[in-house]
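>>> below is the sequence, then the predicted model.
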Amino acid sequence: MIWFILLFIVIFGGSLTLMIRQRTEKREIVLVTTLLLLGFADWMSVFLNHKFKSSKVIALLIDLVGL
Amino acid sequence: MRPAIRRIALAGLALCCLTGCWDRTEINELAIVGLVGSEENKETGASIVYYQIVNPVAFSQESGKGGTSPVYTYKVEGESRGETGRRSAESLPRKLFTDHYQTHIITEALARKGLRQFVNFYERQYNRRSSLLLFITDSKLSDVMMTYTPLEQLPGRTLRALVHNTNMSTGRISLKSRVKDLVENMESSKCTMLPVISLSDSKPFQTIKRFETIEANRSNLVLSGVAVIKQDRMVGRIGLRDNGYYNLLKGETNTFFQTIKMNNRDIDLFANKIKVKQSLTQAGGVPVWNVKITANLAIHNNEQMEKLTWENLSKLTDEFNREVSETTNQLYKRALKKEWDLFGLADMIKSKRGSAWKAIQDKEEAWKDTRLNLKVTSSVNDVGEIINPYMGGKASGK
Amino acid sequence: MESSKITVWQFFVLTLSFLAGTSFFFIPGGLIAVAKQDAWIIPFWAGAAGIAAALIWIRLARQYPGMSIIHICMKVAGKPIGGLLAFLYITYFIQLSVFITRNVGDFMKQTMMPITPLTVFHSMFLVITAYAVIKGIETIARSSELLFIIMALTFVLIFCMALAQWDWNHFQGSFRMNVWESLVETRNIFGFPFLESLVFLMLFPFVQAKVKRSFIWAIIMATALLSLTTFFTIGVLGVTRASHDTYPLFVIAQEVHVGTFFEHLESTIALILLAAIFIKLSIAYYCSVLGLCQLFRISSRFWVTIALILLISGLALGYDNVVENIEFSQRYDFEYTLLYSIFIPCLLLLVSWIRKGWGKRREEPAS
């Protein structure tokens, strides 16, 4: 897990600096950051043994709607 | 220069991703299994497995002067089927490697109890081979597993060769004796036939001194019959000769051997290019199974004192046809009496449609009334090197 | 925004590989377990439903030429609601990519490399796919053109060699299917693969001409292929075995042997499956990236694509085993896909018709 976090921080920092240096649009930076953080959160959920199961969420929603 | 370096770096990175084998096992850490035998401990119900491990030293060029055993048999006992494989680690100095074994022996007692657990366990494994040949043994399993086979030193390979050779020479063992054939019939009424092997002596020869004797037949493994398996349970056995007729009727063989008697003298016929046509019809509320067999005959031995003529040959084929139909009919009736659905008649009846069949289908055991309408036709197209026999003393009429 | 173009043939190949590419591997077992000997009939009605759905999509796309589903959503339903719908579509594409990624992992782990961790397959595959996605749809189309030929040839080869095991007796007792029951039990085949092809709503703008014809033909071909594969599986493997194996086609390839020297072709079939999954994943992945780019009006795909690798590979671990995956697709996939493939497109069509009618009526008094 430690390695993953370290790797993530390196990638995250690296991509942010690269993006800023390339003068990418603000919108894009925000979107990419959000996506990266989402991915990070999901990976952390895997590491912390609370897997986020997207299919379970969909199944729950469908059951709720009652199709 | 920079792009070149970058490219090399990228290639290096990509190379790191080539994982190769994740299990990091070298070949000399493996215990390669050649033959497996399983039985059940009668007292405790635990499962006992014998692993016959190929000894690479005996086969390597430099050190293979003989003097070491070509195979070693390990016995492992465990509470359950899965445990035995795992517990092999307690006695084997190498990792058990079962990916390539192609022959499995099961005791008759276990087969009579049911093979369902075995099949389910086996089919669940990633590294299984569904072409694994299954054998039933009526001898003591520990003896069978500790028998050296001369000429072909790996017993697993010997057994496979026996099946293939018998299939080629007399058609008395079907090649469909594999796990997948058993699995296919697991959920139908059709029986599966698996070869039975026996030890030809009461006690095996347990050292490699065995390879020094000329008597190949002493304590060797031989095919001795065929086990009838209904779904997953062994229900009986028939002889090899009978199984030849079974294979013929089922259309599962290309060769067939038959001795007939004409004028009280033996004639050995070898049938090839066998074609079998089967259909199920019904007549008067009784199902009729029509089988048409055509075969080409080769005369292997002819002890008649007559010349081979047109007439004689036609008599010969008639006799062959009669003999084959009669014996086959006997086998068929015997099977019905013993309630073995050898040919999957029950399933065939079930899948028929139409009102006439409806009445038959309603009867639970209608398949047992099925009549066999067998028609055998044959023609001789190979008489051998000599046409007429040498007459010897008989020629002068003495 | 890129101005790529793909030819009619490329589009046909893309659609066909998307539809038939992975389903010929994952579908037959389930069908045979439910409908026994008659399983090969099921793809036909599913294909018919697929064509009906395709007509709706093409209708929708014709009304707004040159627009992808994201643009259509925004145009028809306005920015807030349309944006939400578009976002829903993007989540669908991402979920689809996750599902496909997981398929690779499960398959490889179960059949060929049981000890290798799942994530390794996922990330390797995603990196390659991401590369294709960054390069754009033209690259994907061209590579699929090449891969398709290799896939087809290998498949035909294995097909021919496995025919040696063919047994007509396996079809004993066919044509006694309970139609309604099988329809309900196998409803997931509507979702996967047929309705899933709604991702092509993103790609219609790139096709030069004859969208309708090539799309429909691809669906017909995919249906035929799927039915043929199922038929073939029954004939070679038999109902009993096919309905118990996770990957029947893999078992067929495993048992192919010509003599004693030419056997165990399972790696070959694994290879064509990987190629098929690559095409499918790159389409789904591309659509999610493109959707995000269109929704947030971003001009380069590079960073978004890279960022998505992390998310998709993480989400792909959200199943404990293949059973969960199969259960989900059997129970919910149909309903889930229905929402995106039929419900929302019909809604959009309806709204756009009403708007048009409204516009005309408003114009009339003015003139």
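Noted; the coordinates are in hand.

>>> could you measure from C:A242 over to chain B?
Noted for C:A242: a distance of 10 Å to chain B, by C-beta to the nearest C-beta, to the nearest Å. Backbone N, C-alpha and C define where each C-beta goes, glycine included.

>>> tell me which parts of chain C are close to chain A?
Contact residues (C-beta under 8 Å from any C-beta of the partner chain) of chain C with chain A: C:95, C:98-99, C:292, C:296-300, C:303-304, C:306-315, C:317-320, C:324-325, C:328, C:331-332, C:335-336, C:338.

>>> and stretch B:231-244, how far from the chain's centre?
Put simply, stretch B:231-244 sits 11 Å off its chain's centre (C-alpha atoms, centre = their mean, to the nearest Å).

>>> which residues are contacting it?
Under the criterion C-beta atoms under 8 Å, 6 or more residues apart in numbering or on different chains, residues B:108, B:111-116, B:119, B:136, B:166, B:170-174, B:182, B:185-189, B:191, B:193, B:196, B:223-229, B:246, B:253, B:256-257, B:331, B:338, B:340 lie in contact with stretch B:231-244.

>>> tell me which residues in it are buried?
Buried residues in stretch B:231-244, counted by 16 or more other C-beta atoms under 10 Å in any protein chain shown: B:231-232, B:234, B:237-238, B:240, B:242-244.

>>> and the contacts of stretch B:231-244, which are buried?
If you count burial by 16+ other C-beta under 10 Å, the buried members of these come out as B:108, B:111, B:115, B:119, B:136, B:166, B:170-174, B:182, B:185-186, B:188-189, B:191, B:193, B:196, B:223-229, B:246, B:253, B:256, B:331, B:340.

>>> mind listing the residues bridging to B:L280?
B:W289 (DSSP bridges).

>>> mind checking how far it is from A:A59?
47 Å (C-beta to C-beta, to the nearest Å).

>>> which residue does chain C bring closest to chain A?
Relative to chain A, the nearest point of chain C is C:L310 (3.1 Å; C-beta to the nearest C-beta).

>>> and whichever strand or helix holds that residue, what does it pack against?
Assigned by DSSP states H and E, C:L310 belongs to helix C:302-315. Judged by 3 or more C-beta pairs under 8 Å, 6 or more residues apart in numbering or on different chains; DSSP states H and E, helix C:302-315 is in contact with helix A:2-21, helix A:26-47, helix C:69-111, helix C:118-135, helix C:266-295.

>>> buried deepest among these, which one?
helix C:266-295 (a mean of 23; mean count of other C-beta atoms under 10 Å in any protein chain shown).

>>> quick one, that one and helix A:26-47 angle?
Between the axes of helix C:266-295 and helix A:26-47, defined by axes from the mean of the first three to the mean of the last three C-alpha atoms, to 10 degrees, the angle is 140 degrees.

>>> next one: helix C:266-295 to chain centre, how far?
9 Å.

>>> center of chain B - which residue?
For chain B, B:S177 is the residue whose C-alpha lies nearest the centre (C-alpha atoms, centre = their mean; 4.1 Å).

>>> for that one, give me the pLDDT.
Looking at B:S177, its pLDDT stands at 91.

>>> what about the helix-or-strand element of chain A with minimal mean pLDDT and chain C, touching?
Ranking every helix and strand in chain A by mean pLDDT, DSSP states H and E puts helix A:54-65 at the bottom, with a mean of 86. Yes. Contact of helix A:54-65 with chain C (C-beta under 8 Å from any C-beta) involves A:54-56, A:58-59, A:62.

>>> where in the stretch 151-300 of chain C is pLDDT low?
C:260 (pLDDT under 70).

>>> that one: strands as residue ranges?
C:257-258, C:262-263 (DSSP state E, counting those that start in this stretch).

>>> which of these sits closest to A:A41?
Of all the strands of the stretch 151-300 of chain C, strand C:262-263 sits nearest to A:A41, with 47.7 Å by C-beta to C-beta.
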